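J.: Requesting a structural model of the entry that follows:
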Amino acid sequence: MKAQNSLFKALPVLFGFFVMGFCDIVGISSDYVQRTFNWSPVMTGFVPSLVFIWFLFLGIPIGNKMNKWGRKNTVLLSMGITILGMLLPLPLYNSTTCMIAYALLGIGNAILQISLNPLLSNVVTDPRLLTSSLTAGQVIKATSSLLGPEIVLLAVGHFGETRWYYCFPILGLITLLSAIWLLSVSIEREDSSVLNQELTVSSTFELLKDKTMLLLFFGIFFIVGVDVSTNFISSKLMVERFGWVIEQAKYAPQVYFLSRTVGALIGVILLTRISSVKYFKVNIIACILSLLMLAFVRHDMVDLVCIGAVGFFASSVFSIIYSIALQTKPEKANQISGLMITAVSGGGLITPIIGFSIGVLGIIGGVYVTLACVLYLAYCAFSVKQ
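T.: Numbers count the residues shown, from 1 in each chain. Prediction:
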(Lines give C-alpha, C1' and ligand atoms only; values in the text may rest on other atoms or scores of the structure.)
Protein backbone atom coordinates (compact mmCIF):
# COMPACT_ATOMS: atom_id res chain seq x y z
CA MET A 1 0.00 0.00 0.00
CA LYS A 2 2.85 2.38 0.87
CA ALA A 3 4.59 1.62 -2.44
CA GLN A 4 1.35 2.27 -4.35
CA ASN A 5 0.92 5.59 -2.52
CA SER A 6 4.49 6.61 -3.41
CA LEU A 7 3.85 5.73 -7.06
CA PHE A 8 0.61 7.74 -7.03
CA LYS A 9 2.54 10.78 -5.80
CA ALA A 10 5.51 10.20 -8.10
CA LEU A 11 3.48 10.09 -11.34
CA PRO A 12 2.54 13.81 -11.48
CA VAL A 13 6.13 14.70 -10.56
CA LEU A 14 7.46 12.50 -13.36
CA PHE A 15 4.99 14.08 -15.80
CA GLY A 16 6.67 17.38 -15.00
CA PHE A 17 9.69 16.09 -16.94
CA PHE A 18 7.49 16.13 -20.04
CA VAL A 19 6.97 19.87 -19.52
CA MET A 20 10.72 20.20 -19.03
CA GLY A 21 11.29 19.02 -22.60
CA PHE A 22 9.27 21.86 -24.15
CA CYS A 23 12.30 24.13 -24.35
CA ASP A 24 13.69 21.96 -27.13
CA ILE A 25 11.14 23.29 -29.63
CA VAL A 26 13.57 26.19 -30.17
CA GLY A 27 15.29 24.15 -32.89
CA ILE A 28 12.44 23.81 -35.37
CA SER A 29 10.41 26.84 -34.25
CA SER A 30 13.38 29.16 -34.82
CA ASP A 31 13.13 28.30 -38.53
CA TYR A 32 9.56 29.64 -38.64
CA VAL A 33 10.51 32.71 -36.59
CA GLN A 34 13.31 33.50 -39.02
CA ARG A 35 11.02 33.28 -42.07
CA THR A 36 8.09 35.11 -40.41
CA PHE A 37 10.09 38.15 -39.32
CA ASN A 38 12.89 37.90 -41.91
CA TRP A 39 15.53 37.67 -39.20
CA SER A 40 19.21 37.19 -40.00
CA PRO A 41 21.03 33.99 -38.86
CA VAL A 42 22.69 36.04 -36.09
CA MET A 43 19.35 37.33 -34.82
CA THR A 44 17.83 33.85 -35.02
CA GLY A 45 20.77 32.54 -33.01
CA PHE A 46 19.53 34.54 -30.03
CA VAL A 47 16.27 32.53 -29.86
CA PRO A 48 17.87 29.64 -27.90
CA SER A 49 19.66 32.26 -25.79
CA LEU A 50 16.30 33.65 -24.68
CA VAL A 51 15.40 30.16 -23.45
CA PHE A 52 18.65 28.94 -21.89
CA ILE A 53 20.37 32.07 -20.58
CA TRP A 54 18.16 32.04 -17.47
CA PHE A 55 20.02 29.08 -16.02
CA LEU A 56 22.96 31.44 -15.59
CA PHE A 57 21.01 33.97 -13.52
CA LEU A 58 18.47 31.77 -11.72
CA GLY A 59 20.31 28.55 -10.85
CA ILE A 60 21.83 29.47 -7.48
CA PRO A 61 19.34 32.19 -6.33
CA ILE A 62 16.28 30.01 -6.99
CA GLY A 63 18.00 27.06 -5.31
CA ASN A 64 18.41 29.20 -2.19
CA LYS A 65 14.88 30.62 -2.35
CA MET A 66 13.47 27.12 -2.72
CA ASN A 67 14.46 26.52 0.90
CA LYS A 68 11.73 29.00 1.92
CA TRP A 69 9.19 28.38 -0.82
CA GLY A 70 9.26 24.58 -0.76
CA ARG A 71 10.01 22.34 -3.72
CA LYS A 72 6.41 21.68 -4.79
CA ASN A 73 5.52 25.38 -4.67
CA THR A 74 8.62 26.19 -6.73
CA VAL A 75 7.62 23.62 -9.37
CA LEU A 76 4.10 25.10 -9.53
CA LEU A 77 5.59 28.60 -9.87
CA SER A 78 7.68 27.43 -12.83
CA MET A 79 4.61 25.99 -14.53
CA GLY A 80 2.63 29.19 -13.95
CA ILE A 81 5.35 31.23 -15.66
CA THR A 82 5.44 28.77 -18.56
CA ILE A 83 1.65 28.96 -19.02
CA LEU A 84 1.79 32.77 -19.07
CA GLY A 85 4.51 32.74 -21.71
CA MET A 86 2.67 30.25 -23.90
CA LEU A 87 -0.54 32.30 -23.92
CA LEU A 88 1.11 35.69 -24.50
CA PRO A 89 1.42 35.64 -28.34
CA LEU A 90 -2.29 34.85 -28.87
CA PRO A 91 -3.78 38.31 -28.23
CA LEU A 92 -0.85 40.20 -29.78
CA TYR A 93 1.55 38.38 -32.09
CA ASN A 94 4.67 40.23 -33.16
CA SER A 95 8.42 39.78 -32.86
CA THR A 96 8.51 41.36 -29.38
CA THR A 97 5.79 39.20 -27.82
CA CYS A 98 7.32 36.16 -29.49
CA MET A 99 10.69 36.88 -27.88
CA ILE A 100 9.04 37.49 -24.50
CA ALA A 101 7.22 34.15 -24.85
CA TYR A 102 10.54 32.37 -25.45
CA ALA A 103 12.04 34.18 -22.45
CA LEU A 104 9.17 33.14 -20.15
CA LEU A 105 9.45 29.58 -21.46
CA GLY A 106 13.13 29.67 -20.52
CA ILE A 107 12.53 31.18 -17.07
CA GLY A 108 9.86 28.60 -16.29
CA ASN A 109 12.06 25.80 -17.58
CA ALA A 110 15.07 26.93 -15.55
CA ILE A 111 13.05 27.04 -12.32
CA LEU A 112 11.51 23.66 -13.18
CA GLN A 113 14.88 21.99 -13.69
CA ILE A 114 16.16 23.42 -10.41
CA SER A 115 13.16 22.19 -8.38
CA LEU A 116 11.74 19.07 -10.04
CA ASN A 117 14.60 16.63 -9.36
CA PRO A 118 14.69 17.46 -5.63
CA LEU A 119 10.88 17.21 -5.45
CA LEU A 120 11.07 13.65 -6.77
CA SER A 121 13.22 12.73 -3.77
CA ASN A 122 10.34 13.85 -1.53
CA VAL A 123 8.14 11.00 -2.79
CA VAL A 124 10.76 8.38 -3.70
CA THR A 125 12.96 7.81 -0.66
CA ASP A 126 14.67 4.51 -1.57
CA PRO A 127 18.06 5.42 -3.14
CA ARG A 128 17.86 2.70 -5.79
CA LEU A 129 14.30 3.58 -6.76
CA LEU A 130 15.22 7.26 -6.81
CA THR A 131 18.02 6.63 -9.32
CA SER A 132 15.62 4.65 -11.52
CA SER A 133 12.97 7.38 -11.18
CA LEU A 134 15.40 10.14 -12.17
CA THR A 135 16.44 8.08 -15.20
CA ALA A 136 12.77 7.59 -16.08
CA GLY A 137 12.33 11.36 -15.81
CA GLN A 138 15.11 11.95 -18.33
CA VAL A 139 13.54 9.46 -20.71
CA ILE A 140 10.20 11.28 -20.37
CA LYS A 141 11.98 14.57 -21.05
CA ALA A 142 13.63 13.08 -24.14
CA THR A 143 10.24 11.81 -25.33
CA SER A 144 8.88 15.34 -25.00
CA SER A 145 11.84 16.63 -27.01
CA LEU A 146 10.97 14.08 -29.70
CA LEU A 147 7.33 15.14 -29.83
CA GLY A 148 8.06 18.88 -29.75
CA PRO A 149 8.59 19.24 -33.52
CA GLU A 150 5.39 17.26 -34.10
CA ILE A 151 3.43 19.70 -31.94
CA VAL A 152 4.86 22.63 -33.94
CA LEU A 153 4.00 20.93 -37.23
CA LEU A 154 0.54 20.04 -35.92
CA ALA A 155 -0.12 23.74 -35.38
CA VAL A 156 1.29 24.56 -38.83
CA GLY A 157 -0.80 21.84 -40.50
CA HIS A 158 -4.06 22.99 -38.92
CA PHE A 159 -3.61 26.77 -38.86
CA GLY A 160 -1.03 27.48 -41.57
CA GLU A 161 2.66 28.38 -41.49
CA THR A 162 2.00 32.00 -40.51
CA ARG A 163 0.27 30.77 -37.34
CA TRP A 164 2.97 28.34 -36.29
CA TYR A 165 2.93 30.04 -32.87
CA TYR A 166 -0.37 28.27 -32.10
CA CYS A 167 1.90 25.49 -30.83
CA PHE A 168 2.44 27.71 -27.77
CA PRO A 169 -1.10 27.42 -26.34
CA ILE A 170 -0.97 23.65 -26.94
CA LEU A 171 2.15 23.50 -24.77
CA GLY A 172 0.48 25.85 -22.29
CA LEU A 173 -2.54 23.55 -21.99
CA ILE A 174 -0.35 20.51 -21.32
CA THR A 175 1.53 22.51 -18.69
CA LEU A 176 -1.76 23.54 -17.06
CA LEU A 177 -2.88 19.91 -16.86
CA SER A 178 0.46 18.97 -15.32
CA ALA A 179 0.13 21.73 -12.70
CA ILE A 180 -3.44 20.71 -11.81
CA TRP A 181 -2.37 17.06 -11.45
CA LEU A 182 0.54 17.98 -9.19
CA LEU A 183 -1.61 20.37 -7.16
CA SER A 184 -4.18 17.62 -6.54
CA VAL A 185 -1.61 15.35 -4.89
CA SER A 186 -0.50 15.86 -1.29
CA ILE A 187 3.30 15.73 -1.04
CA GLU A 188 4.97 16.05 2.33
CA ARG A 189 7.23 19.09 2.48
CA GLU A 190 10.93 18.49 2.88
CA ASP A 191 12.64 18.74 6.27
CA SER A 192 13.15 22.46 6.90
CA SER A 193 16.01 21.78 9.31
CA VAL A 194 17.99 20.32 6.39
CA LEU A 195 17.04 22.94 3.81
CA ASN A 196 17.32 26.14 5.84
CA GLN A 197 21.03 26.52 5.29
CA GLU A 198 22.46 29.99 4.76
CA LEU A 199 23.96 29.69 1.28
CA THR A 200 25.14 32.72 -0.66
CA VAL A 201 25.95 33.15 -4.32
CA SER A 202 29.53 34.16 -3.53
CA SER A 203 30.16 31.12 -1.31
CA THR A 204 28.89 28.84 -4.06
CA PHE A 205 31.07 30.39 -6.74
CA GLU A 206 34.08 30.01 -4.44
CA LEU A 207 33.87 26.29 -5.20
CA LEU A 208 35.27 27.11 -8.64
CA LYS A 209 38.62 27.81 -7.01
CA ASP A 210 38.97 24.03 -7.00
CA LYS A 211 40.50 23.13 -10.40
CA THR A 212 38.49 19.92 -10.71
CA MET A 213 35.25 21.73 -9.97
CA LEU A 214 36.09 24.42 -12.53
CA LEU A 215 36.84 21.72 -15.11
CA LEU A 216 33.52 20.00 -14.46
CA PHE A 217 31.58 23.28 -14.40
CA PHE A 218 32.67 24.06 -17.95
CA GLY A 219 32.07 20.42 -18.85
CA ILE A 220 28.39 20.92 -18.03
CA PHE A 221 28.49 24.26 -19.86
CA PHE A 222 29.78 22.72 -23.07
CA ILE A 223 27.77 19.46 -23.07
CA VAL A 224 24.59 21.53 -22.88
CA GLY A 225 26.05 23.67 -25.66
CA VAL A 226 26.54 20.53 -27.78
CA ASP A 227 22.97 19.42 -27.09
CA VAL A 228 21.34 22.74 -27.97
CA SER A 229 23.60 23.50 -30.93
CA THR A 230 23.08 20.09 -32.56
CA ASN A 231 19.33 20.53 -32.17
CA PHE A 232 19.64 24.08 -33.54
CA ILE A 233 21.70 23.30 -36.66
CA SER A 234 20.46 19.81 -37.56
CA SER A 235 17.37 20.82 -39.56
CA LYS A 236 19.13 23.85 -41.05
CA LEU A 237 22.01 21.65 -42.24
CA MET A 238 19.65 19.31 -44.11
CA VAL A 239 17.84 22.26 -45.70
CA GLU A 240 21.02 24.09 -46.77
CA ARG A 241 23.00 21.09 -48.00
CA PHE A 242 20.29 18.96 -49.58
CA GLY A 243 17.34 21.28 -50.17
CA TRP A 244 15.03 19.45 -47.80
CA VAL A 245 11.71 21.14 -47.14
CA ILE A 246 10.82 21.91 -43.52
CA GLU A 247 8.55 18.84 -43.26
CA GLN A 248 11.53 16.64 -44.17
CA ALA A 249 14.04 18.60 -42.10
CA LYS A 250 12.04 17.97 -38.92
CA TYR A 251 13.38 14.41 -38.96
CA ALA A 252 16.92 15.61 -38.22
CA PRO A 253 16.23 16.84 -34.64
CA GLN A 254 13.91 13.87 -34.13
CA VAL A 255 16.70 11.45 -35.07
CA TYR A 256 18.96 13.33 -32.67
CA PHE A 257 16.55 13.13 -29.73
CA LEU A 258 15.64 9.50 -30.42
CA SER A 259 19.31 8.54 -30.53
CA ARG A 260 19.95 10.49 -27.32
CA THR A 261 17.13 8.61 -25.60
CA VAL A 262 18.42 5.20 -26.72
CA GLY A 263 21.97 6.17 -25.73
CA ALA A 264 20.84 7.23 -22.26
CA LEU A 265 19.00 3.94 -21.69
CA ILE A 266 22.02 1.91 -22.78
CA GLY A 267 24.28 4.12 -20.66
CA VAL A 268 22.25 3.36 -17.52
CA ILE A 269 23.01 -0.35 -18.03
CA LEU A 270 26.66 -0.05 -19.08
CA LEU A 271 27.63 2.45 -16.38
CA THR A 272 26.87 -0.19 -13.74
CA ARG A 273 29.66 -2.32 -15.22
CA ILE A 274 32.12 0.19 -16.69
CA SER A 275 34.06 3.02 -15.06
CA SER A 276 32.20 6.27 -15.79
CA VAL A 277 35.43 8.06 -16.77
CA LYS A 278 36.36 5.29 -19.23
CA TYR A 279 32.84 5.40 -20.66
CA PHE A 280 33.17 9.18 -20.92
CA LYS A 281 36.45 8.90 -22.86
CA VAL A 282 35.21 6.30 -25.35
CA ASN A 283 31.97 8.13 -26.07
CA ILE A 284 33.51 11.56 -26.47
CA ILE A 285 36.07 10.25 -28.97
CA ALA A 286 33.25 8.65 -30.95
CA CYS A 287 31.38 11.96 -30.78
CA ILE A 288 34.39 13.82 -32.25
CA LEU A 289 34.60 11.33 -35.13
CA SER A 290 30.86 11.73 -35.79
CA LEU A 291 31.18 15.53 -36.01
CA LEU A 292 34.20 15.30 -38.31
CA MET A 293 32.18 13.10 -40.66
CA LEU A 294 29.28 15.55 -40.45
CA ALA A 295 31.62 18.40 -41.39
CA PHE A 296 33.30 16.79 -44.39
CA VAL A 297 30.97 14.06 -45.75
CA ARG A 298 28.08 15.42 -47.81
CA HIS A 299 25.48 12.68 -48.13
CA ASP A 300 22.02 13.15 -46.69
CA MET A 301 21.69 9.72 -45.03
CA VAL A 302 25.28 9.77 -43.77
CA ASP A 303 24.78 13.23 -42.28
CA LEU A 304 21.51 12.14 -40.67
CA VAL A 305 23.27 9.15 -39.11
CA CYS A 306 26.06 11.44 -37.86
CA ILE A 307 23.50 13.76 -36.23
CA GLY A 308 22.02 10.74 -34.48
CA ALA A 309 25.49 9.51 -33.49
CA VAL A 310 26.26 12.82 -31.76
CA GLY A 311 23.09 12.41 -29.69
CA PHE A 312 23.86 8.77 -28.91
CA PHE A 313 27.48 9.24 -27.81
CA ALA A 314 26.86 12.49 -25.90
CA SER A 315 23.74 11.20 -24.11
CA SER A 316 25.39 10.11 -20.84
CA VAL A 317 28.03 12.84 -20.59
CA PHE A 318 25.88 15.27 -18.59
CA SER A 319 25.02 12.68 -15.92
CA ILE A 320 28.63 11.48 -15.70
CA ILE A 321 30.01 14.98 -15.15
CA TYR A 322 27.21 15.84 -12.72
CA SER A 323 27.83 12.65 -10.72
CA ILE A 324 31.59 13.17 -10.53
CA ALA A 325 31.05 16.75 -9.35
CA LEU A 326 28.77 15.65 -6.51
CA GLN A 327 31.23 12.96 -5.44
CA THR A 328 34.11 15.45 -5.41
CA LYS A 329 32.69 17.34 -2.42
CA PRO A 330 29.66 15.39 -1.15
CA GLU A 331 29.36 17.59 1.94
CA LYS A 332 28.56 20.53 -0.37
CA ALA A 333 26.13 18.69 -2.65
CA ASN A 334 23.45 21.42 -2.48
CA GLN A 335 25.84 24.15 -3.58
CA ILE A 336 27.38 21.98 -6.28
CA SER A 337 23.93 21.14 -7.63
CA GLY A 338 23.05 24.84 -7.96
CA LEU A 339 26.42 25.53 -9.53
CA MET A 340 26.04 22.81 -12.14
CA ILE A 341 22.52 23.96 -13.05
CA THR A 342 23.95 27.47 -13.51
CA ALA A 343 26.36 25.98 -16.04
CA VAL A 344 23.39 24.85 -18.14
CA SER A 345 23.38 28.42 -19.45
CA GLY A 346 26.01 27.16 -21.90
CA GLY A 347 23.18 26.23 -24.22
CA GLY A 348 22.13 29.87 -24.46
CA LEU A 349 25.60 31.36 -24.79
CA ILE A 350 26.86 28.99 -27.49
CA THR A 351 24.05 29.47 -30.02
CA PRO A 352 24.69 33.18 -30.80
CA ILE A 353 28.25 32.15 -31.68
CA ILE A 354 26.80 29.47 -33.93
CA GLY A 355 24.45 32.01 -35.52
CA PHE A 356 27.41 34.32 -36.21
CA SER A 357 29.49 31.42 -37.59
CA ILE A 358 26.66 30.35 -39.89
CA GLY A 359 26.36 33.93 -41.13
CA VAL A 360 30.08 34.00 -41.99
CA LEU A 361 30.86 30.41 -43.06
CA GLY A 362 27.47 28.88 -43.78
CA ILE A 363 26.14 25.85 -41.93
CA ILE A 364 29.65 24.36 -41.66
CA GLY A 365 30.42 27.17 -39.19
CA GLY A 366 27.79 25.77 -36.83
CA VAL A 367 29.35 22.31 -37.06
CA TYR A 368 32.79 23.74 -36.24
CA VAL A 369 31.48 25.49 -33.12
CA THR A 370 29.83 22.25 -31.95
CA LEU A 371 33.09 20.40 -32.60
CA ALA A 372 35.00 22.95 -30.49
CA CYS A 373 32.63 22.24 -27.58
CA VAL A 374 33.23 18.50 -27.92
CA LEU A 375 37.00 19.01 -28.01
CA TYR A 376 36.80 20.71 -24.61
CA LEU A 377 34.79 17.74 -23.32
CA ALA A 378 37.55 15.45 -24.57
CA TYR A 379 40.04 17.52 -22.58
CA CYS A 380 37.74 17.19 -19.57
CA ALA A 381 37.39 13.41 -20.01
CA PHE A 382 41.16 12.85 -20.11
CA SER A 383 41.90 15.30 -17.26
CA VAL A 384 39.33 14.44 -14.61
CA LYS A 385 39.96 11.71 -12.05
CA GLN A 386 37.37 9.13 -10.96
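
J.: CA atoms for contacts and neighbours, from now on please.
T.: Noted.

J.: In the stretch 1-150 of the chain, where is pLDDT below threshold?
T.: Scanning the stretch 1-150 of the chain with the threshold set as pLDDT under 70 gives 1-7, 126-135.

J.: quick one, strands of the stretch 251-386 of the chain?
T.: Counting by DSSP state E, counting those that start in this stretch, no segments of the stretch 251-386 of the chain form strands.

J.: Provide the count of other residues in contact range of residue 203.
T.: Using other CA atoms under 10 Å, residue 203 is surrounded by 11 other residues.

J.: what helix or strand does it sit in?
T.: Mapping residue 203 onto the secondary structure by DSSP states H and E places it in helix 201-205.

J.: go on, residue 30?
T.: In the assignment (DSSP H and E), residue 30 maps to helix 26-37.

J.: for that helix, which positions count as buried?
T.: Along helix 26-37, the positions that meet the burial threshold by neighbour count (16 or more other CA atoms under 10 Å) are 26, 27, 28, 29, 30, 31, 32, 33, 34.

J.: likewise stretch 168-181?
T.: Of the residues in stretch 168-181, 168, 169, 170, 171, 172, 175, 176, 178, 179, 181 count as buried by neighbour count, 16+ other CA under 10 Å.

J.: What ranges does the stretch 251-386 of the chain have for its helices?
T.: 251-270, 276-296, 300-314, 317-328, 333-342, 346-361, 363-383 (DSSP state H, counting those that start in this stretch).

J.: hmm, I was thinking of the stretch 1-150 of the chain
T.: Taking DSSP H, counting those that start in this stretch as the criterion, the stretch 1-150 of the chain carries its helices at 2-20, 26-37, 41-44, 46-52, 54-69, 71-87, 95-123, 127-159.

J.: okay, the ones you listed in JSON lines with distance to residue 290 next?
T.: Below are these laid out as JSON lines (distance: least, CA to CA, whole Å):
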{"stretch": "helix 2-20", "distance to residue 290": "28"}
{"stretch": "helix 26-37", "distance to residue 290": "20"}
{"stretch": "helix 41-44", "distance to residue 290": "25"}
{"stretch": "helix 46-52", "distance to residue 290": "23"}
{"stretch": "helix 54-69", "distance to residue 290": "28"}
{"stretch": "helix 71-87", "distance to residue 290": "35"}
{"stretch": "helix 95-123", "distance to residue 290": "29"}
{"stretch": "helix 127-159", "distance to residue 290": "21"}
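
J.: For residue 140, give me its contacts.
T.: If you count contacts by CA atoms under 8 Å, 6 or more residues apart in numbering, residue 140 has them with 14, 15, 17, 18.

J.: Of those residues, which is the nearest to residue 136?
T.: Nearest to residue 136 among the contacts of residue 140, counting by CA to CA, is residue 14 at 7.7 Å.

J.: measure the residue nearest to residue 291 when sequence neighbours are not counted to residue 115 for me?
T.: Using CA to CA, 6 or more residues apart in numbering and skipping the chain neighbours, the partner closest in space to residue 291 is residue 371 (6.2 Å). When CA to CA, to the nearest Å is the yardstick, residue 371 and residue 115 sit 31 Å from each other.

J.: again, but for residue 374
T.: In this structure, residue 374 and residue 115 are separated by 28 Å, where distance is defined by CA to CA.

J.: repeat for residue 122
T.: Distance check for residue 122 against residue 115: by CA to CA, it reads 11 Å.
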